[in-house]
Every structure is written in C-alpha cells, then in structure tokens.
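Student: sequence unavailable; structure follows:
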C-alpha cells in the first residue's frame, strides 16, 4: 500500500516531461482540513475538474499535506506552457465553482483563481547530474 513511508508510484511516459511545484496554506482548523482532504478524495472530487486538468495538458497532479501546508506537484509534457494552460483551465465549466467550493479552507483572497492562490515554488536543489 502506498503511503508517506513506502512512497508513491510515479507514472512513466514515452516522451520527455517536466514538473512544477506549488504551495498553498490552509486555515489552521483541524475540522476544516479534514473536510478539505475529504473533498479531494477519489469519491468526493468532481469528475469535471479532473477532466479539465487533463484537457489543458497536465499528465499528473498530486497534492501533499503537512499540517496546514499544501504542496502540489504537477507533471506535464516538456512543451507545456504554464500560463496558457492555467488561463484556459480558469475558463472551463465548473472550475470557478470548484475554486469557490475550496476557498473556505484556503488562506487566499476570495474569488482567486487556482493560479492566483497556488504559488509556484523555486527549485533550489536536485541531485545534479
């Protein structure tokens, strides 16, 4: 079984990919955090949101939680254009509704889009070749 101690399987692709990392903080409320996690579960998450994410070219998206801090890893094809994809994503059906549905948990401005709430992170280290 996959978990934080055993690790999480990565998908492999027959073409070059790249990844992005973002962060966002949740409100410091245990019950709100539990509800946020529940709404992202496979049974609760909205199918239209998953389909929209894939339709803009995202191959994989994972969200990790530690305390109130969220970290999102996004895997894309090598030619993926971040700003273009997230502008398109913001206009897809139910995306604004999903953002509003999630906003009660997040430390972010009311009405913010996903790309406004989630902050891209700088990579400061890797196992250099």
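Tutor: Here it is on my side, so go on. Quantities reported herein were computed from a predicted structural model and do not represent experimental measurements.
Student: how about the helix or strand of the chain with the lowest mean pLDDT: buried residues?
Tutor: Within the chain, no helix or strand scores below helix 114-117, which has a mean of 89 by mean pLDDT, DSSP states H and E. Buried residues in helix 114-117, counted by 16 or more other C-beta atoms under 10 Å: 114, 115, 117. For glycine as for every other residue, the C-beta is placed from the backbone atoms N, C-alpha and C.
Student: OK, contacts around the second one?
Tutor: Taking C-beta atoms under 8 Å, 6 or more residues apart in numbering as the contact definition, residue 115 lies against 83, 86, 87, 89, 90.
Student: could you do the last one as well?
Tutor: Residue 117 sits next to 24, 99, 103, 106, 108, 109 when contact means C-beta under 8 Å, 6+ apart.
Student: how far away is it from residue 90?
Tutor: Using C-beta to C-beta, to the nearest Å, residue 117 is found at 11 Å from residue 90.
Student: what do you get for residue 82?
Tutor: Residue 82 is 13 Å from residue 90, by C-beta to C-beta.
Student: swap in residue 27?
Tutor: Look at residue 27 and residue 90: by C-beta to C-beta, they are 23 Å apart.
Student: run through the bridge partners of the spatially most central residue of the chain.
Tutor: Centroid-nearest residue in the chain: residue 72, 4.5 Å away (criterion: C-alpha atoms, centre = their mean). Here residue 72 sits in beta bridges with residue 22, residue 63, as judged by DSSP bridges.
Student: check contacts around it.
Tutor: Contact partners of residue 72, counting by C-beta under 8 Å, 6+ apart, are 21, 22, 23, 24, 61, 62, 63, 64, 118.
Student: much appreciated, bye for now.
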